[in-house]
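Asker: Sequence plus the predicted model coming up.
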Protein chains: 2
Amino acid sequence: MSWLDLPPGTGFGVDNLPYGVFSAPGTARRTGVAVGDAVLDLAAATGDDVHTTGSLNAFMARGPRAWAALRAQLTGWLTDPAHRGRVEPHLRPLSEVVLHLPVEVADYVDFYSSRHHAEELGRVLRPGTPPLTPNWLHLPIGYHGRAGTVAVSGTPVVRPSGQRKAPADDAPTFGPTQRLDVEAEVGFVVGVGSDLGTPVPLTGLAEHVFGVCLVNDWSARDLQAWEYVPLGPFLGKSFLTSVSPWVVPLVALEAARVPPPAREVPLLPYLDDTLTEPWGLDITLEVRLDGELVSRPPFASTYWTAAQQLAHLTVNGAALRTGDLFASGTVSGPEDGQRGSLVELSRAGERPLVLPGGRTRSFLEDGDEVRITATAPGTGGGRISLGEVTGRVEAARAS
Amino acid sequence: MSWLDLPPGTGFGVDNLPYGVFSAPGTARRTGVAVGDAVLDLAAATGDDVHTTGSLNAFMARGPRAWAALRAQLTGWLTDPAHRGRVEPHLRPLSEVVLHLPVEVADYVDFYSSRHHAEELGRVLRPGTPPLTPNWLHLPIGYHGRAGTVAVSGTPVVRPSGQRKAPADDAPTFGPTQRLDVEAEVGFVVGVGSDLGTPVPLTGLAEHVFGVCLVNDWSARDLQAWEYVPLGPFLGKSFLTSVSPWVVPLVALEAARVPPPAREVPLLPYLDDTLTEPWGLDITLEVRLDGELVSRPPFASTYWTAAQQLAHLTVNGAALRTGDLFASGTVSGPEDGQRGSLVELSRAGERPLVLPGGRTRSFLEDGDEVRITATAPGTGGGRISLGEVTGRVEAARAS
């Protein structure tokens, strides 16, 4: 299908074409598209200065027609051998480039859209009470996170310090978190903003969202538990949120669209997607700890879709901006091996994970490396990759 | 003290010199300094392109030495008559310019630092339970708000719609908020960022914070009440946050520094300000509803200072960026006439405010205009003004 010698089973075939920002020795940051083991230098190949700005924002702001036009052009270039001479000089081996944060993040919103995650967390953390809060089935719960600490995959995870208080203690103590966790999530990147006062309808996802990435919303569970009542998570999350370097265009996921789970209660009209095209997405995540597969969360099991999240986020008139990032919240499936966080996988430490060599893990230890990857059905019949988001834990710094 | 003919009692004397962004017919947005009834066009007066960027961010990023140098220069210009000929051509009447959002807001954090507010809200909303959550006296509770909907004073307040559920109802309903409220707050604008992983100590406020503004964190109490458990306020706040157009330099508030309230419990070292110079600030706010003074919240009564807020915000290693805005949360004093929100002033509607003509208000109605102003002791012996933040409520839009 391509004149390129693509590696067998590559997730970066011509039906994917994810966008990222890279630099190579001697070049400033620029936009590229991943194909096979290479990155196509869009700045050089197209001559369009929009690809030299160091983030995808300016290109994303051009909107869906511009996205489609460039995608069609790239598809032509990479499939018709007549273009080989023109395109090949602008391909660089991925192994020779450095990948950067692809998007200048405007606002970052994190949802809580996996019912299996919310219920399991409720069972683990609040036994004896209903696992879901009364609002959960009526709206996609979300909150704003810290946009300034969203960083690209590979950024070191310095163990954060802060206040935590065990139930038996009279007062909080200060120190490095003892419950450092991961949250495997799928993120949606807004390309086209919206006006203050104008909600985006359920059908508006593809007009606003440029693409999809992977998110690891690192969490310090002990800090979070002490601080989060009544205004929500703050320092337990704000030290770092890692994202994958490649943003997969929403249109590349057309073959992954599936119906979302059945709705247990009737939804208010602005969230009722029973008569719209479904925006469930059959993305399978994989979470590895020091190389060992510890979980395979199925994103298709997520209760609230990205279309519902976007409609909810804007229903009060809140404006969107180019670069807004909203994430699904931890993706967990119904099975033990499908949980997207360690607090679920280890039942808050009651049942530690056993790793090769007999090592056990309830939460992350210094030196641990977490790698989240994902694939989905592509339009070419195989599976496309969402790349990876990784991070290695470093010891807390002396304060 | 100045060769300028300053209006008697002006809050914009030469001991204030707040920065803002303005435009006039035929000019692009540029930085100005308010003095008396005029704005000094800094771009024209200094010839420095940093003042033509349309926000204060680039100037703020230069840091405290640059801020002090320009302030010294401006003070000289405005007090020594020898400079009159040079400066006067660059003064424009304030009445002839349009004021814009002064800062490109990076991350917006809202704290909950007034004990009187937290306790009164607890008494009103959760009668029979302890008014403060167990963490309140140990840390300044805060959360991230939506940076993209921070707007300049005067921006219309379109009544937001969303989900709300009365306790007696089985399911939520959708519609315009019936409990639109104000929150009178003081905001702190970060000029100099910090590195990921490096906390800012209690003594670091003046190295990072450029100045102070007024904030009205408009709130839809019914939306908020239904959505906020467990992840905090979201759509109940994200439709609009208004800020005053003038950012008062932190150094202009030197004479307003006062000790904060006595601490009821010992604080962890990173928050313990008993041995540091105090950062309580004797700012008196005034809240007017359709011109009627309804409250005079005293900021000096706020429990947690901005220095403590900044130390807490970064203690987990979260980075700061130029343009970060953090606000105090609603400022309320201990007296009835000192509450910074209508939910407190009307006891959630049980005791409506009575306005001239016998009108009553529990929450805002369409057409209502809210105006928040504030003054503080200046270094010149009088009082300096923090300007004003206003907004008029418009009817909900058909959805």
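Answerer: That came through fine.
Asker: can you pull the contacts of the residue of the stretch 251-399 of chain A found nearest chain B?
Answerer: Nearest residue of the stretch 251-399 of chain A to chain B: A:Asn316, at 3.8 Å (C-beta to the nearest C-beta). Heads up, the C-betas are built off the backbone N, CA and C, glycines and all. The contact partners of A:Asn316, taken as C-beta atoms under 8 Å, 6 or more residues apart in numbering or on different chains, are A:199, B:160-162, B:220, B:223, B:235-236, B:238-239.
Asker: State the distance from A:Lys165 to B:Pro245.
Answerer: 42 Å (C-beta to C-beta, to the nearest Å).
Asker: Same drill for the two, tell me which one is more crowded.
Answerer: Remark: of A:Lys165 and B:Pro245, B:Pro245 carries more neighbours, 24 against 17, as counted by other C-beta atoms under 10 Å in any protein chain shown.
Asker: all strands of the stretch 201-350 of chain A, in order?
Answerer: With DSSP state E, counting those that start in this stretch as the criterion, the stretch 201-350 of chain A has strands at A:209-216, A:219-220, A:241-243, A:248-249, A:257-258, A:280-281, A:284-289, A:292-295, A:325-327.
Asker: Columns distance to chain B, mean neighbour count and mean pLDDT on top of these, output as JSON lines?
Answerer: What follows is those, written out as JSON lines (distance: least, C-beta to the nearest C-beta, whole Å; neighbours: other C-beta atoms under 10 Å in any protein chain shown; pLDDT from 0 to 100):
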{"stretch": "strand A:209-216", "distance to chain B": "15", "mean neighbour count": "28", "mean pLDDT": "98"}
{"stretch": "strand A:219-220", "distance to chain B": "7", "mean neighbour count": "28", "mean pLDDT": "98"}
{"stretch": "strand A:241-243", "distance to chain B": "11", "mean neighbour count": "27", "mean pLDDT": "98"}
{"stretch": "strand A:248-249", "distance to chain B": "23", "mean neighbour count": "26", "mean pLDDT": "98"}
{"stretch": "strand A:257-258", "distance to chain B": "26", "mean neighbour count": "16", "mean pLDDT": "98"}
{"stretch": "strand A:280-281", "distance to chain B": "22", "mean neighbour count": "22", "mean pLDDT": "98"}
{"stretch": "strand A:284-289", "distance to chain B": "22", "mean neighbour count": "21", "mean pLDDT": "98"}
{"stretch": "strand A:292-295", "distance to chain B": "23", "mean neighbour count": "18", "mean pLDDT": "97"}
{"stretch": "strand A:325-327", "distance to chain B": "12", "mean neighbour count": "26", "mean pLDDT": "98"}
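Asker: Nearest to A:Arg29, out of these?
Answerer: Nearest to A:Arg29, of all these, is strand A:241-243, at 15.8 Å by C-beta to C-beta.
Asker: what does that closest one contact?
Answerer: Strand A:241-243 is contacted by residues A:101-103, A:108, A:145-146, A:149-155, A:157, A:187, A:213-218, A:325, A:389-391 when judged by C-beta under 8 Å, 6+ apart.
Asker: out of these, which are inside strands?
Answerer: Secondary structure from DSSP state E places A:108, A:145, A:150-152, A:157, A:187, A:213-216, A:325, A:389-391 of these in strands.
Asker: Nearest to B:Tyr270 among the contacts of A:Asn316?
Answerer: B:Tyr270 has its nearest neighbour among the contacts of A:Asn316 in B:Ser238, at 29.8 Å by C-beta to C-beta.
Asker: ok, the closest one - contacts?
Answerer: With contact set as C-beta under 8 Å, 6+ apart, B:Ser238 has these partners: A:144, A:313, A:316, A:318, B:145-146, B:149.
Asker: Show me which residues of the stretch 51-200 of chain A sit near chain B.
Answerer: Within the stretch 51-200 of chain A, the residues that sit near chain B (C-beta under 8 Å from any C-beta of the partner chain) are A:106-107, A:112, A:133-135, A:138-139, A:141-149, A:151, A:155, A:158, A:160-163, A:165, A:171-174, A:196-199.
Asker: Try it again at 6 Å.
Answerer: Taking C-beta under 6 Å from any C-beta of the partner chain as the contact definition, the stretch 51-200 of chain A meets chain B at A:106-107, A:133, A:135, A:138-139, A:141-144, A:146-149, A:158, A:160, A:162-163, A:172, A:174, A:197.
Asker: Whichever of the residues you listed end up buried, select them in PyMOL.
Answerer: Burial among those is assessed by 16 or more other C-beta atoms under 10 Å in any protein chain shown; the matching PyMOL selection reads:
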select buried, chain A and resi 106+107+133+135+138+139+141+142+143+144+146+147+148+149+158+160+162+163+172+197
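Asker: quick one, helices of the stretch 151-300 of chain A?
Answerer: Residue ranges of the helices in the stretch 151-300 of chain A, as given by DSSP state H, counting those that start in this stretch, are A:205-208, A:221-227.
Asker: in chain A, what spans have low per-residue confidence?
Answerer: Low-confidence segments of chain A (pLDDT under 70): A:399.
Asker: Which one of the residues in it is closest to chain B?
Answerer: Nearest to chain B in chain A, going by C-beta to the nearest C-beta, is A:Gly232, at a distance of 2.3 Å.
Asker: I'd guessed that residue sits against B:Pro233; true?
Answerer: No. A:Gly232 is beyond contact range of B:Pro233, at 7.4 Å (criterion: C-beta atoms under 6 Å).
Asker: which one of the two has more residues nearby?
Answerer: The neighbour count for A:Gly232 versus B:Pro233, taken as other C-beta under 10 Å, is higher for A:Gly232 (27 against 23).
Asker: who's in contact with that one?
Answerer: A:Gly232 sits next to A:143, B:143, B:231-232 when contact means C-beta atoms under 6 Å, 6 or more residues apart in numbering or on different chains.
Asker: Please apply the same query to A:Arg392.
Answerer: A:Glu369.
Asker: can you check A:Arg288 too?
Answerer: A:Arg288 sits next to A:Arg371 when contact means C-beta under 6 Å, 6+ apart.
Asker: again with A:Ala69
Answerer: A:Ala69 sits next to no residue when contact means C-beta under 6 Å, 6+ apart.
Asker: Surely it is within a helix?
Answerer: Yes. Counting by DSSP: H, G, I helix; E, B strand; the rest coil, A:Ala69 falls inside a helix.
Asker: so how many other residues sit close to A:Trp218?
Answerer: 26.
Asker: thinking again about what came up before, of the contacts of A:Gly232, which is the nearest to B:Leu250?
Answerer: Proximity of those to B:Leu250 (C-beta to C-beta) peaks at B:Tyr143, which lies at 23.7 Å.
Asker: Got phi/psi on the closest residue to that closest one other than its chain neighbours?
Answerer: Of all residues not flanking B:Tyr143 in the chain, A:Leu231 sits nearest, at 4.1 Å (C-beta to C-beta, 6 or more residues apart in numbering or on different chains). Torsion angles at A:Leu231 (phi, psi; degrees, to the nearest 10) stand at phi -110, psi 10.
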